[in-house]
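Student: sequence below, structure please.
(2 chains)
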Amino acid sequence: MSETQKSSRQKQEFEQTLESSDSNVATFEHKHRSLFDNVQHFLHGNPTMVPVIVLIVSIIIFGFVAGSKFFSPFNLSLIMQQVSIIGILAAAQSLVILTAGIDLSVGAIMVLMSVIMGQLAVTIGIPAPLAIFVGFIGGICAGALNGFLVTRIKLPPFIVTLGTWNIFFALNLWLSGAQSIRSQTLDEVAPLLKFFGESIAIGGARITYGSILMLVIFGALWYILNHTGWGRHVYAIGDDKEAAELSGIRTNRTLITVYGLAGLVCAIGAWASIGRVGSVSPQSFQEANLQSITAVVIGGISLFGGRGSIIGPLIGALIVGVFNSGLRLAGVDVLWQVFAIGWLTIIAVAIDQWIRKVSS
Amino acid sequence: MSNTQQPVLKARGIVKRYGRVTALDHADFDLYPGEVLAVIGDNGAGKSSLIKALSGAVSIDEGSIELDGEPIGFTSPMEAREAGIETVYQNLALSPALSIADNMFMGRELRKKGFLGKYFGALDHKEMQRQAREKLTELGLMTIQNINQAVETLSGGQRQGVAVARAAAFGSRVVIMDEPTAALGVKESRRVLDLIADVKARGMPIVLISHNMPHVFEVADRIHVHRLGKRLCTIKPDDYSMSDAVAFMTGAKQPPGQDAVA
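Tutor: Coordinates of the predicted model:
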């Protein structure tokens, strides 16, 4: 071994032949790729293209099947209106899923906050803007509670939100006495709560403020996720939490704000849902939790975190809306709508898995 | 040792316990300006704990750490980074799905000047990409063509290059590298060793943790031998052979007297 120490500043003996080899470690060998590989690479770089293609194809197919009724401005605006609440919840859900978590309580937070807004404004009689504000704060607190349990007590997000889903639902029944607040009552006492049910007519289309709100929320979240440091940190945490921590990100603090923001978005959705339903109904949107996850998954956001664009779930929600509308107009039984969405979800995750296996 | 300079990074009597296990048992550490100090030791000797203590990833139970004579007590890697100590972790601490530029600026993103940056936190993507490209070019890594490429599409050596470039770009006082060649092939290791020499040439002191004796003997100015949770001795690679170093490390041979720290 002593001969190596004499030449300690020179290359090791077994490395001598390296002189003649390429020393550029950071170069790319342009391997020949098949068309199949190219598609995989393209989708890896642009994960939102899958749902966009599915949306376009399904619109074309249903246009043929259901005929001109499908393309009427009224029907297209109706689809927007029908998906607006699930879309907003999917936006909240996306934030959590991007961190490799899951939030089963989004629907429960939304209904609870709509009940709080309604009860405060109607039963207690405080001004509607204040009631809405309290609802927003409540949404942030409910989300932050999830975040606290996930980060500080270190419980899995699935368990935490399964628990809070039930807790929020029970609180909702307690506060509302399982009674709806009727539409006429709202009109008399707090018409502001129904604001997002109003619409503007353009041609034959009736675009509700709720539909516009959904687009605004997605736009705002797109900006936050792509153009702020916080947004980049959300992706990094979902990608590899430990690496993010070592890169100097305060991961637990960021995670609590993620759940808190998701709660706020749910509370905004609560206000919109009152307009959508027309009343404050504690029994509404029971399926909303799972539907929001469906929209996120179809939208190409990976359940394993860190991958996908926030625009995906918007497209995902629209795909579900287009399927339901198209199949209904084509006179297909409603059970086949559910059947189709089920397959769509499975196929979406299968495609995600395939894309993630991309080789460099 | 005739080094009369003030150490850049100095630790005295640091202790770290994990439950009943004592990972660091009154360990000492000295890093002098401009040198490459290798830290070697058997598995379980406490190398990782030492490095984590120096880089702020764990907080120590006893003892003191000084940076340029100032006592420091890091409670997070962020604080160590702000003080100018950059660490290249063995697992690289990169986010695979994010781009090279995003990774280089992770946790210290640049904001746009003016209204959007101040009130809406808008990031200056262009400037970050420009600087990232510049840093990689300085280290001769700019054959990476697309700075917006996801890190997971890079080879092992390229990823190591990105992590080293990140540390070299932002480390103002000390760069710590944990097993930078462990996961690499011969050719890629060679490139990383050259990178270490490049970083050293800019006057930056480097702490190198490695199991690879040929690599250690090639690049190190001094070697810190860690055994049973403390510094056994420091040796100069010119004075001892690799088998001597391994013998110190495993306890098969007594350490040289003059370097043993009281």
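
Student: nearest spatial neighbour of residue 164, skipping sequence neighbours?
Tutor: No chain in the question, so chain A it is. For residue A:164, ignoring the flanking residues on the chain, the nearest one in space by Cβ to Cβ, 6 or more residues apart in numbering or on different chains is residue A:105 at 4.5 Å. No exception for glycine: its C-beta is placed from N, CA and C like everyone else's.

Student: not quite, go with chain B.
Tutor: Residue B:164's closest residue in space is residue B:195 (Cβ to Cβ, 6+ apart), at 5.1 Å.

Student: and chain A, is stretch B:75-87 touching that?
Tutor: Yes: residues of stretch B:75-87 contacting chain A under Cβ under 8 Å from any Cβ of the partner chain: B:76, B:77, B:78, B:81, B:87.

Student: same question for stretch B:102-118.
Tutor: Yes: applying Cβ under 8 Å from any Cβ, one finds stretch B:102-118 in contact with chain A at B:102, B:103, B:106, B:107, B:108, B:109, B:111.

Student: so can I have JSON lines of those showing neighbour count and pLDDT?
Tutor: Output for the residues of stretch B:102-118 next to chain A, formatted as JSON lines (neighbours: other Cβ atoms under 10 Å in any protein chain shown; pLDDT from 0 to 100):
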{"residue": "B:102", "neighbour count": "24", "pLDDT": "90"}
{"residue": "B:103", "neighbour count": "26", "pLDDT": "90"}
{"residue": "B:106", "neighbour count": "24", "pLDDT": "87"}
{"residue": "B:107", "neighbour count": "19", "pLDDT": "84"}
{"residue": "B:108", "neighbour count": "15", "pLDDT": "85"}
{"residue": "B:109", "neighbour count": "19", "pLDDT": "86"}
{"residue": "B:111", "neighbour count": "18", "pLDDT": "86"}
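
Student: neighbours of the residue nearest to residue B:164, how many?
Tutor: 22 (other Cβ atoms under 10 Å in any protein chain shown).

Student: what's stretch A:170-180 in contact with?
Tutor: A:108, A:111, A:112, A:115, A:116, A:118, A:119, A:279, A:280, A:281, A:282, A:283 (Cβ atoms under 8 Å, 6 or more residues apart in numbering or on different chains).

Student: the helix or strand hosting the second one packs against which elements?
Tutor: Yep, that's residue A:111 we're talking about. For residue A:111, the host element (DSSP states H and E) is helix A:106-118. Judged by 3 or more Cβ pairs under 8 Å, 6 or more residues apart in numbering or on different chains; DSSP states H and E, helix A:106-118 is in contact with helix A:73-98, helix A:128-151, helix A:157-176, helix A:251-277, helix A:288-298.

Student: could you dump those to TSV with mean pLDDT?
Tutor: Shown next, in TSV, are those (pLDDT from 0 to 100):
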stretch	mean pLDDT
helix A:73-98	94
helix A:128-151	96
helix A:157-176	95
helix A:251-277	95
helix A:288-298	91
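
Student: okay if I get the ones you listed as TSV plus mean neighbour count?
Tutor: Formatted as TSV, the helices and strands packed on helix A:106-118 follow (neighbours: other Cβ atoms under 10 Å in any protein chain shown):
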stretch	mean neighbour count
helix A:73-98	25
helix A:128-151	21
helix A:157-176	18
helix A:251-277	25
helix A:288-298	25
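
Student: among these, which comes closest to residue B:65?
Tutor: Evaluated over the helices and strands packed on helix A:106-118, closeness to residue B:65 peaks at helix A:251-277, with 24.3 Å, by Cβ to Cβ.

Student: low-confidence bits of the chain, can you list those?
Tutor: Since no chain was named, I'll use chain A. A:1-33, A:358-360 (pLDDT under 70).

Student: let me rephrase: I mean chain B.
Tutor: Ranges of chain B meeting pLDDT under 70: B:1-4, B:142-145, B:257-262.

Student: please repeat the previous calculation with a cut-off of 80.
Tutor: B:1-5, B:91-92, B:118, B:138-145, B:157, B:171-172, B:183-185, B:187-188, B:255-262 (pLDDT under 80).

Student: tell me the secondary structure at the most centrally placed residue in it.
Tutor: Nearest residue to the geometric centre of chain B (Cα atoms, centre = their mean): residue B:176, 1.1 Å. Recorded secondary structure, residue B:176: strand (DSSP: H, G, I helix; E, B strand; the rest coil).

Student: residue B:86 is in contact with that one, correct?
Tutor: Yes: distance between residue B:176 and residue B:86: 7.1 Å, which falls inside the contact criterion (Cβ atoms under 8 Å).

Student: quick check: neighbours shared by those two?
Tutor: With Cβ under 8 Å, 6+ apart, residue B:176 and residue B:86 have common neighbours residue B:167.

Student: one step back: can I get the residues of stretch B:75-87 next to chain A in JSON lines including secondary structure and neighbour count?
Tutor: Formatted as JSON lines, the residues of stretch B:75-87 next to chain A follow (DSSP: H, G, I helix; E, B strand; the rest coil; neighbours: other Cβ atoms under 10 Å in any protein chain shown):
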{"residue": "B:76", "secondary structure": "coil", "neighbour count": "16"}
{"residue": "B:77", "secondary structure": "helix", "neighbour count": "24"}
{"residue": "B:78", "secondary structure": "helix", "neighbour count": "18"}
{"residue": "B:81", "secondary structure": "helix", "neighbour count": "23"}
{"residue": "B:87", "secondary structure": "strand", "neighbour count": "25"}
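
Student: could those go into TSV alongside distance to residue A:263?
Tutor: Formatted as TSV, the entries for the residues of stretch B:75-87 next to chain A read as follows, by distance: Cβ to Cβ, whole Å:
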residue	distance to residue A:263
B:76	27
B:77	29
B:78	27
B:81	31
B:87	35
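
Student: out of these, which comes closest to chain A?
Tutor: Within those, the smallest distance to chain A is 4.1 Å, found for residue B:78 (Cβ to the nearest Cβ).

Student: from residue B:132, how far out is the closest one?
Tutor: Separation of residue B:78 from residue B:132 (Cβ to Cβ, to the nearest Å) stands at 20 Å.

Student: quick one: contacts for residue 225?
Tutor: Just so you know, I chose chain A. With Cβ under 8 Å, 6+ apart, residue A:225 has these contacts: A:98, A:231, A:234, A:235, A:310.

Student: sorry, I should have been clearer: chain B.
Tutor: So residue B:225 contacts B:40, B:41, B:231, B:232, B:233, B:234, B:235, B:245, B:248, B:249, B:255 (Cβ under 8 Å, 6+ apart).

Student: try residue A:320
Tutor: A:83, A:86, A:291, A:294, A:295, A:298, A:341, A:344.

Student: that one is in what secondary structure piece?
Tutor: Judged by DSSP H and E, residue A:320 forms part of helix A:311-329.
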